[in-house]
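Q: Sequence and predicted structure below; questions after.
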Amino acid sequence: MDKLIIDGIEVDPDPSKSILEVARELGIHIPTLCYHPSLPAHGACRICMVETIWKGRSTLHPACTFPAWEGEVRTNSEMVRKARKILLELMLAEAPDAVEIQELAREYGIEKTRFRIKKEREENRCIQCALCTRFCEEVMHIGAIGFKGRGYRRELTTPFDANSEICSSCGACEFICPTNAIQLSKITDRKPEPLLSEYEAGLMKRSVINIPFAQAIPNKPALSPEYCMHFLNDGCGVCQTVCGPQAISFDQKEEFVEEEIGAIVVATGYDLYPILNFNEYGGGKYKNVLDGLQFERLLSASGPTSGKVLRPSDGKEPKRVVFVSCVGSRDPENHFPYCSKICCMYSAKHAMLYKHAVHNGEAIIFYIDIRSDGKGYEEFVTRAQEEEGVKYIRGKVSRIYENPDSGLTVMGADTLTGQQLEVEADLVVLSMAVVPTHGVSDLIRKLKIQTDAHGFLTEAHPKLRPVETLTGGFFLAGTAQAPRDIPDTVAQASGAAAKVIAMFSGSEIHKEPIIAWVDPDLCSGCQICVPLCPYSAREYDESDNIVIVNEGLCEGCGSCIVACPSGAVQQRNLEDNQIMKMVKVVLD
Amino acid sequence: MPQLKSIKALEDLRNKLNKDKDPQKPCIALCAGTGCIALGAHKLVETFKKELKQRKLDRKVDLLVTGCHGFCERGVIVVVRPEGIMYQRVQENDVSEIIETTIMKNEIIERLLYEDLSTGEKIIFEKDIPFYKHQQRLVFGNNSRISPVSIEDYIAIGGYTALAKVLSGMDPDEIIEIINKSGLRGRGGGGFPTGRKWQSCRDAEGETKYVIINADEGDPGAYMDRSLLEGNPHSVLEGLIIGAYTIGSHEGYIYVRQEYPLALKHFTIALEQAREYGLLGNNIMGSGFNFDVKVNRGGGAFVCGESTALMASLEGKVGEPRSKHVHTVEKGLRDNPTTLNNVETWANVPLIINNGWEWFTGIGTERSKGTKIFSLVGKVNNSGLVEVPMGVSLRKIIYDIGGGIIGNKPFKAVQTGGPSGGVVPASLLDLPVDFERLTEAGSMMGSGGMIVMDENNCMVDIAKYFVNFLKDESCGKCTSCREGLIQMYEILNDITEGRGREGDIELLEDLSWILDETSLCALGSSASNPVKSSLLYFRDEYETHIRDKKCPAKVCKALITYTIDQEACTGCTLCLRQCPNNAISGEVKKPHQIDQGKCIKCGICFDVCKFNAIIVE
């Protein structure tokens, strides 16, 4: 078979591919403007022109649409460069404000076009490659934009130049435009809703398809179907076309996996009480009022600002940061009575790190009292106060106002001096209360673990069994049980792990002998006891019309005994007549 | 009319029609083509009908309202048969005289006869008029013999014989061989061999195949396809059905301009009649072959005459071309194999089938066979539609048929091939007109436009005119055509308005090159022809415009001044009175003056002056 020779490299011809595709596989660069792998080749910009030599005749063809037939192809010959130069000159005249075209032209040694520059509009960036219209129509399946007119009068617009009702403001047109010529605001008045990174605490945008956070396990991107245009509009699928190893599958769904397990450690963690609950502090309303986790990301070298402390409203470095402790915690009237335990220490840490980042900055912490009960904690706070010059003001903040320049006024009281205070701040960090992870209630209902009034999981015994639950095989670790800091969490988790290992080490599980049993002669099979059992230890036996007890699950709580109308249930080794005899012995 | 269920039924019908017809019965054939309609043909028809009825002649005399005869310059044309007497420039008040003198008394009306331009001799018979005498009207000739809305007229003159021949058991490969051997080439502009096109389409894989009539004639001044569809729609349809049978298509389309209402009407009637007679639909003439045609009206974009743009438009998309590396015969309409041919190409097919390829190859030149219809317009005496064998010289077309240049001025050039064609100068007047020779001369056959120019045409202005048309009609998809043409226009405009600079010609050459080499479709790559060919033959005119800021043809207003020769002016005040901007002053019988500040260079003074006192410089 005759060969295809591209710039001297011999390959097998493959008419199912274009010259451009074959050249790219060979690492040969051909400039393109109207080409995108997820769209059929359009052949409009003509910048990818290459010289083909067939039967001794040289002709120019666009590499994007020309099939990779046999013959010789030159991608950068004199003829090719001449054509690209003139085309670039035409584009420079058409879109004089397109920086990308200017740069490409410069690569071809063109600083100025010889042609007349278009002046109809204030800014001419569009080179009419039609990537946007084709993307909107063919990839996104929307078709909100198109061209009106023809020839040199052709212009990108919406139908009737009106605000587009069908535009989904997905922003694909803006994204795909090679010359930055599109403004979504001119297409629709619908505002695009940025998808905010959960990991970055909403401080930066994220892609619909992303690796959720650094060092995620598995360290692979995942797709959020609730935002993905493929799932929303049966369109897009660009990720699939651009992924070289073909790793994208839209068929992967959440699935239920059934595993036989011997123990469960519940370590569901915590959430911060939403900042939105504090209207008086401008939570969620003022851009420069953050919660502790957001500020943590702002300080992080891998965070949205690469570790520079810059406030969200305008990206300026805040010169004074106010930290407010106990926001939601220790506030039994309005929010939660408990202490969140970690805020005093992380506020001190944040204030110190801020001072390290902004040397001339000022950090002020409003506190009720400082709870630094841990090894070296008190010394840490003292260091913050004395060495780093963090100002501690004892008192609560009543209100925060935003000033026109995005500065904030923090109003509060200094309870040591009894004075009302007004502090100007560039940034405020609220130490929000620690609350159970949202959605955890569903899980604990399944596991039948008790919680306290605030939703933290209850241990079997506060002193004697702090990591176990009343249900055998279920253990607790970390802030699922109560607010606690990292060392405490690690210690408790280690305890829980040890308990699991202890349980697994024997060949049998030892249980309290006091469990329920059913007298088959007395049980009428009414099944009143079945739903009452908190451990799902009771099953109805249809053949004998009685209820039987699963001895492995029964914890001997006695609920069934009280409920049984016929007195058929007794607790083994603690039956009524045994108790009566004991009572009699005592009385005798 | 019962359906023609077999080929014999068609023959029986034809025999009956011809038997019933008395060849000696007087017949008034009246041209009602678009040109003659504009000159009042409809009124004439009414008057003829009324007057014939009044004289109780309406049963004794046939009134045949036909499509275009081609001699549009001399409309309205009336031919009295069987003698073949032709009256030209007939008006409403001539009707009664024609009936009384010619029909009733068999006498000639001298006044309405055509007068030979050179000899001044009156010519009685249509066949003797040079305009017709030098033509070979194979495709177009039947226009004057039939009513375009009567399928029976068409059948009577032998219509659908070719289809019958094909359906009576001809093998499609045999048909393709005939078309191949005939050397028929596309009449729409490209000149691609029709047989090869059909062969590729027949060989292409696919269950569904389409055939399309391209009736999106968009060249300014060209109207041959229009007149053929208006005057003889069945001939085009017959060709299409034969083509469909050959390639194995059961669905056809006609893409016709919305601006051609009469063509649309007549073709739609033709389709209805063909269905009624069983020449379209299922089991055509008992052959088992099924085929029907849908009509699609185009919005009038020039680019939709390009095959892929036309198909995109048929699909309901924006009429923009796509790359044709994979041909439309393989992937055309809706990605199915499609054969698209021009109106005139389809109309040639029945002729070849009926008369054989040997007959067809006897007409024309070595590589361009058959005849071609040209739309002869511009500064020529006899403008109209002319059909000549390929290879006839430009001189014969312009002088023998066209009657020479108006006012006997010297011939300067002719633009062939429409706006994407080029100019051919006087030095090439003896050029034989065929596909190759025109391309060699830097122009092209195109769809057959011919615009004749004399010394009063400025070649830069002409190039500007065509580039202006093309820039407006560019679809705008590819950079080369969209931006190349507007820049080309701007430069030409500058040159004609006195702002030409050194280097402009080189810029035009660069733009021509980029259009040729990098445009997406053939309309873009041929768009440079007007500039290239005029630069080739009339480069000095460009240079004079740019360097001397003068227009040798005295057309470009910015480059000319009108003054009055003070010696020649008699002070007749004619120019003064005619000047629309009151730029001329002067007393009676004293030489006048032109105020250059006021003069708008309209040229009226020049035209009206009887003493050649107006000087244009």
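A: Done, it's in. All figures in this text were calculated on a predicted structure; none of them were measured in a lab. Residues are numbered from 1 along each chain as shown, chains lettered A, B, ... in the order given.
Q: Residue A:579 and residue A:573, how far apart?
A: 10 Å (Cβ to Cβ, to the nearest Å). Placement of C-beta: from N, CA and C, glycine included.
Q: Residue B:365 now?
A: In terms of Cβ to Cβ, residue B:365 sits 120 Å off from residue A:573.
Q: before we move on, what about residue A:18?
A: The value you get for residue A:18 to residue A:573, if Cβ to Cβ is used, is 84 Å.
Q: Now residue B:258. Nearest residue, chain neighbours left out?
A: In space, residue B:258 comes closest to residue B:297 once its chain neighbours are excluded; the distance is 4.5 Å by Cβ to Cβ, 6 or more residues apart in numbering or on different chains.
Q: mind listing what that neighbour touches?
A: B:256-258, B:264 (Cβ atoms under 8 Å, 6 or more residues apart in numbering or on different chains).
Q: where does residue B:477 land in three-state SS?
A: Following DSSP: H, G, I helix; E, B strand; the rest coil, residue B:477 is assigned to coil.
Q: Relative to chain A, which residue of the stretch 51-200 of chain B is the closest?
A: Chain A sits closest to residue B:200 of the stretch 51-200 of chain B, with a gap of 16.0 Å, by Cβ to the nearest Cβ.
Q: per-residue confidence at that residue?
A: At residue B:200, the model reports a pLDDT of 95.
Q: my guess is residue A:271 meets residue A:432, correct?
A: No - between residue A:271 and residue A:432 there is no contact under Cβ atoms under 8 Å: 9.0 Å.
Q: List the contacts of the longest helix along chain A.
A: When chain A is parsed with DSSP state H, its longest helix is helix A:486-505. With contact meaning Cβ under 8 Å, 6+ apart, helix A:486-505 is reached by A:262-263, A:265, A:267, A:374, A:466-468, A:473, A:475-479, A:481, A:484, A:509.
Q: And residue B:365 and residue A:573? Which one has more around it.
A: residue B:365 (17 against 12; other Cβ atoms under 10 Å in any protein chain shown).
Q: what's the closest non-adjacent residue to that one?
A: With Cβ to Cβ, 6+ apart, the residue lying closest to residue B:365 is residue B:391, at 3.7 Å.
Q: cool, residue B:589 as well?
A: Counting by Cβ to Cβ, 6+ apart, the residue nearest residue B:589 is residue B:571, at 4.2 Å.
Q: what pLDDT does that neighbour get?
A: 88.
Q: What values do phi and psi take at it?
A: The phi/psi pair for residue B:571 (degrees, to the nearest 10) reads phi 70, psi 40.
Q: wait, it sits on residue B:585?
A: No - using Cβ under 8 Å, residue B:571 is not in contact with residue B:585; the gap is 11.2 Å.
Q: Give me the more crowded residue out of these two.
A: Neighbour totals were compared for residue B:571 and residue B:585, and residue B:571 leads with 16 against 12 (other Cβ under 10 Å).
Q: Identify the residues contacting the more buried one.
A: B:586-592.
Q: which residues does the most centrally placed residue in chain A contact?
A: In chain A, the C-alpha nearest the mean C-alpha coordinate belongs to residue A:198, at 3.0 Å (Cα atoms, centre = their mean). Residues in contact with residue A:198 (Cβ under 8 Å, 6+ apart) are A:206, A:212.
Q: Show the pLDDT at it.
A: Residue A:198 is given a pLDDT of 91.
Q: pull the CA atoms of stretch B:483-492 into CSV?
A: The C-alpha trace of stretch B:483-492 is given here as CSV (Å, rounded to 0.1, in the frame of the first residue of the first chain):
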residue,chain,number,x,y,z
GLU,B,483,-12.9,38.5,4.7
GLY,B,484,-11.0,38.1,1.4
LEU,B,485,-13.9,39.5,-0.7
ILE,B,486,-14.7,42.4,1.6
GLN,B,487,-11.1,43.5,1.5
MET,B,488,-10.9,43.0,-2.2
TYR,B,489,-14.0,45.2,-2.6
GLU,B,490,-12.6,47.9,-0.4
ILE,B,491,-9.4,48.0,-2.4
LEU,B,492,-11.3,48.1,-5.7
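Q: can you list contacts of stretch A:19-38?
A: Here stretch A:19-38 has contacts from A:4, A:6-7, A:9, A:11, A:14, A:41-45, A:47-48, A:50, A:52, A:61, A:63-64, A:66-68, A:73, A:75, A:84, A:104, A:127, A:129-131, A:135, A:139, A:176, A:178-179, A:237-238, A:241-242, using Cβ under 8 Å, 6+ apart.
Q: returning to that earlier point: just the buried residues of the contacts of residue B:297.
A: B:256-257, B:264 (16 or more other Cβ atoms under 10 Å in any protein chain shown).
Q: So which residues of the stretch 351-500 of chain B form helices?
A: In the stretch 351-500 of chain B, the segments counted as helices under DSSP state H, counting those that start in this stretch are B:357-361, B:394-395, B:435-440, B:459-473, B:479-496.
Q: and the third one, anywhere near chain A?
A: No - for helix B:435-440 and chain A, the contact criterion (Cβ under 8 Å from any Cβ of the partner chain) is not met; the two come no nearer than 15.9 Å.
Q: Now that helix: buried residues?
A: Result for helix B:435-440 [16+ other Cβ under 10 Å]: buried residues B:435, B:437-439.
Q: So which of the contacts of stretch A:19-38 reach chain B?
A: Answer for the contacts of stretch A:19-38 near chain B (Cβ under 8 Å from any Cβ): A:41-45, A:47, A:61, A:66-67, A:127, A:130.
Q: Dump those to a markdown table, plus secondary structure.
A: Formatted as a markdown table, those follow (three-state DSSP):
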| residue | secondary structure |
| --- | --- |
| A:41 | coil |
| A:42 | coil |
| A:43 | coil |
| A:44 | coil |
| A:45 | coil |
| A:47 | coil |
| A:61 | strand |
| A:66 | coil |
| A:67 | strand |
| A:127 | coil |
| A:130 | coil |
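Q: from these, which two are the most distant?
A: A:67 and A:127 (25.3 Å; Cβ to Cβ).
Q: okay, those two: which has more neighbours?
A: residue A:127 (28 against 18).
Q: surely the more buried one meets residue B:478?
A: No - in this structure, residue A:127 is not within contact of residue B:478 by Cβ under 8 Å, at 11.1 Å.
Q: Need the overlap of contacts for these two.
A: residue A:45.
Q: how far away is residue B:310 from residue B:214?
A: Relative to residue B:214, and taking Cβ to Cβ, residue B:310 is found at 6 Å.
Q: Find residues that contact each of these two.
A: Counting by Cβ under 8 Å, 6+ apart, the contacts common to residue B:310 and residue B:214 are B:255, B:340.
Q: just to revisit the earlier point, so among the contacts of helix A:486-505, which ones count as buried?
A: A:265, A:267, A:467-468, A:473, A:475-479, A:481, A:484.
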